[in-house]
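Q: Predicted model and sequence follow; I will ask about them next.
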Amino acid sequence: MNTKKVVFNKLFSKESAKAQKLSKQRKISLSLVDEMQNYLGSIQDEVADGIVASDSAYELAQEVERQIESLSESLSYLEGYIKSYYSYNSQAADLLAKYRTAAEDLGISPEDNDTYNQLEEALVEMNDAYGQVEFSINALKQLIK
């Protein structure tokens, strides 16, 4: 009987009630701790993903900057070509006009001269190239904006 009384007292004593209350609090705390740990893991994963994305974006931005510098150099070269084009085109047109006038004064056809024909063809090719260069310049300017 003494054993029954001891067991009974342990089960229903104030200390036993406190132990049960603490046990319930520990379960709640452990449950919340698990949830917080899971949330912490999720946050850490998001931070790591953000850092990777940021690094990748930074590298891409640097590459874009290098490409823009390269495009700017190409644009400068093409703009130099345009200046040369105007000079060559003007000089060649003047030479062709002078030759045409001189040839007609002598009563010969300027088209009979191979150099004259080649220079005319070169001017046509140069005009085509000028159109392509002008198109490229405009495209580059749009990209660089």
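A: It's in. Residues are numbered from 1 along each chain as shown.

Q: what are the ranges of the helices in the chain?
A: Using DSSP state H, the helices of the chain run over 2-12, 14-105, 114-144.

Q: Next, format these as JSON lines and append mean neighbour count.
A: Every residue, glycine included, has its C-beta placed from N, CA and C. Formatted as JSON lines, the helices of the chain follow (neighbours: other Cβ atoms under 10 Å):
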{"stretch": "helix 2-12", "mean neighbour count": "9"}
{"stretch": "helix 14-105", "mean neighbour count": "11"}
{"stretch": "helix 114-144", "mean neighbour count": "12"}
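
Q: Can I get the ones you listed in CSV including mean pLDDT?
A: CSV is the format used below for the helices of the chain (pLDDT from 0 to 100):
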stretch, mean pLDDT
helix 2-12, 61
helix 14-105, 83
helix 114-144, 89
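
Q: List the residues that contact Ser136.
A: Ser74, Leu78 (Cβ atoms under 8 Å, 6 or more residues apart in numbering).

Q: let's see 7 Å
A: Counting by Cβ atoms under 7 Å, 6 or more residues apart in numbering, Ser136 touches Leu78.

Q: cool, Gln142 as well?
A: Gln142 neighbours (Cβ under 7 Å, 6+ apart): none.

Q: If anything else comes up later, I'll come back, but that's it for now.
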